[in-house]
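I'd like to go over a predicted model; first the sequence, then the structure.
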Amino acid sequence: MTATVRRLTAEEIDTDGFLALLGEAAGLDTDALIRIRDVEFPTMTVVGTVDGSVLGFAAFGADTHGEDRTELHYIAVAHEARGTGLGSRLVDAARRADTTRPLYASTDDDAVDFYRRLGFVVADAPRDPRWPTRQRYDCLLDPLGEPAELTLDAYRAHARRYAQRTPATPSPLVAELAARLPVGSCVLELGSGPGRDADALEAAGFAVDRTDAAASFVAMQHDAGHRARLLDVRDADFGGPYDGVFASAVLLHVERPRLGGVLSRARMATRPGGVMIASFKKGDGEHWSDAKLEVPRHFVLWREDALADAFATAGWTDVEVWDSSSPHAAEAWITVTARNGSRD
């Protein structure tokens, strides 16, 4: 089973097939199920997989006991999709809704072993008046951790796979930067990865300081005969001064509240008049995706106005922001260029 776990639409939830699946999750009569669908679900996140019909779903949200944790309220997998790992993927989606909080679920004898297999700590719980004859259990799973750190762990563990699945064609940002800086300029690359864009920048006549927060990528650069160093953009001094800062598809992993600090440190590492160029995924909110690596990575999505404000607030001037999506691409992208107009 490789179908994507995604947020279900109202139309997919409002079907007889889904109501039957909800009945397997809740074990209640039709009137109670309709109330759950129409009253409770609008306050929750409902995700699932669809292949003609909904094969499985999970509904989660705020904890009903007032605890600081995510509660998995309902989960079910259709009979034909059982044994495929879909149930564990649905639990993982609920857990990743907020990776800094524990995940809680209440269950009975029919499903308690499922939660035990996934690593939940299980304890006896008081009986629920909705199911007065059933033994109940409280199930709790520890937080995963900070999204950016989990994403970095994915790169650390799968650097070779990332390199193999990255197209050889350099990012369009290389040509954009080359149009804004003279040959011979010194460029700091944030998130060099396997080195594709650094190679292109050097071929264009720039001196590149290759950096990455994943030691596996730094080792890959060393093996290829390049100098490279560890640099985590979230909390490090970038060094410098540089004529330019290049950040292709890397700052999209930085948590939204921390981007301003990253942009400020990038500006402080740049000479007056120097240039920064960066790309971001376009959209609203944030999400996890296992595309390309087949392990989840966390992405923060941005809109043009918000990025322009973030760069300006960090002290950058001459900020230009545009939609740089490729024709027919599955995802939309934004490119930002800016100059360090400060003399500090």
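Happy to help now that I have it.

for the rest of this, base every contact and every neighbour count on C-alpha atoms.
Noted.

what residues are up against the residue nearest in space to the middle of the chain?
Among the residues of the chain, the one closest to the centroid is residue 298, at 1.3 Å (CA atoms, centre = their mean). Residue 298 sits next to 147, 148, 150, 151, 253, 286, 287, 288, 289 when contact means CA atoms under 8 Å, 6 or more residues apart in numbering.

so what touches the helix or strand harbouring the second one?
Mapping residue 148 onto the secondary structure by DSSP states H and E places it in helix 147-157. Residues from elsewhere that reach helix 147-157 (CA under 8 Å, 6+ apart): 99, 144, 162, 213-217, 253-255, 295-298.

switch the cut-off to 10 Å
Applying CA atoms under 10 Å, 6 or more residues apart in numbering, the contact partners of helix 147-157 are 96, 98-100, 144, 158-159, 161-162, 193, 213-218, 232, 234, 252-255, 287-288, 290, 293-300.

one step back: can you say which of the contacts of residue 298 are buried?
Applying 16 or more other CA atoms under 10 Å to those, the neighbour count classes 147, 148, 150, 151, 253, 286, 288 as buried.

could the residues you listed go into a markdown table alongside pLDDT and distance to residue 332?
Output for those, formatted as a markdown table (pLDDT from 0 to 100; distance: CA to CA, whole Å):
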| residue | pLDDT | distance to residue 332 |
| --- | --- | --- |
| 147 | 94 | 22 |
| 148 | 93 | 21 |
| 150 | 94 | 24 |
| 151 | 96 | 20 |
| 253 | 97 | 16 |
| 286 | 93 | 14 |
| 288 | 92 | 16 |
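
show me the shaky parts of this protein.
Applying pLDDT under 70 to the chain flags residues 1-2, 342-344.

farthest pair within the buried ones among the contacts of residue 298?
Put simply, by CA to CA the two of the buried ones among the contacts of residue 298 set farthest apart are 150 and 286, 14.4 Å from each other.

is residue 60 bridged to anything, and to what?
Judged by DSSP bridges, the bridge partners of residue 60 are residue 45, residue 72.

just confirm it contacts residue 97, I think it does.
Yes: assessed by CA atoms under 10 Å, residue 60 is found in contact with residue 97 at 8.8 Å.

which neighbours do those two have in common?
Listed as contacting both residue 60 and residue 97 by CA under 10 Å, 6+ apart are 45, 70, 103.

and of these, the nearest to residue 172?
Of the shared contacts of residue 60 and residue 97, the one sitting nearest to residue 172 (CA to CA) turns out to be residue 45, at 36.6 Å.

list the contacts for the closest one?
Contacts of residue 45 (CA under 10 Å, 6+ apart): 7, 8, 58, 59, 60, 61, 62, 72, 73, 94, 97.

dump the residue contacts of residue 180.
By CA under 10 Å, 6+ apart, the neighbours of residue 180 are 244, 274, 275, 276, 277, 337, 339.

so how do I select the buried members of these in ChimeraX?
To isolate the buried ones among those in ChimeraX, judged by 16+ other CA under 10 Å, type:
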select :244,274,275,276,277,337,339
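
just name the closest of the contacts of residue 180 to residue 113, please.
When the contacts of residue 180 are compared against residue 113 (criterion: CA to CA), the nearest one is residue 277, at 50.7 Å.

give the helix, strand or coil label for that closest one.
Look at residue 277: counting by DSSP: H, G, I helix; E, B strand; the rest coil, its state is strand.

columns distance to residue 107 on top of the contacts of residue 180, output as a markdown table?
Shown next, in a markdown table, are those (distance: CA to CA, whole Å):
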| residue | distance to residue 107 |
| --- | --- |
| 244 | 55 |
| 274 | 58 |
| 275 | 56 |
| 276 | 52 |
| 277 | 50 |
| 337 | 52 |
| 339 | 56 |
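
who's more crowded, residue 60 and residue 97?
Set side by side, residue 60 and residue 97 show more neighbours around residue 60, with 25 against 17, by other CA atoms under 10 Å.

show me the two of the contacts of residue 298 that sit farthest apart.
150 and 286 (14.4 Å).

ok, for residue 109, nearest residue in space, not its chain neighbours?
In this structure, residue 109 finds its nearest non-sequential neighbour in residue 135, 6.6 Å apart by CA to CA, 6 or more residues apart in numbering.

so what's that neighbour up against?
Counting by CA under 10 Å, 6+ apart, residue 135 has contacts 107, 108, 109, 110, 124, 125, 126, 127, 128.

highest neighbour count among these?
Going by other CA under 10 Å, residue 107 tops these with 23 neighbours.

so it touches residue 139, yeah?
Yes: applying CA under 10 Å as the test, residue 107 and residue 139 come out as touching, 7.5 Å apart.

tell me how many other residues crowd the residue lying closest to residue 14 once chain neighbours are set aside.
Of all residues not flanking residue 14 in the chain, residue 37 sits nearest, at 8.0 Å (CA to CA, 6+ apart). Neighbours of residue 37 under the rule other CA under 10 Å: 17.

ok, the one 5 residues further on next?
A count of neighbours around residue 42, defined by other CA under 10 Å, yields 11.

now do the SS call for it.
helix.

let me see the contact set for it.
10, 36.

re the thing from before, doesn't the residue nearest to residue 14 fall inside a helix?
Yes: Residue 37 forms part of a helix when assessed by three-state DSSP.

thanks a lot, see you next time.
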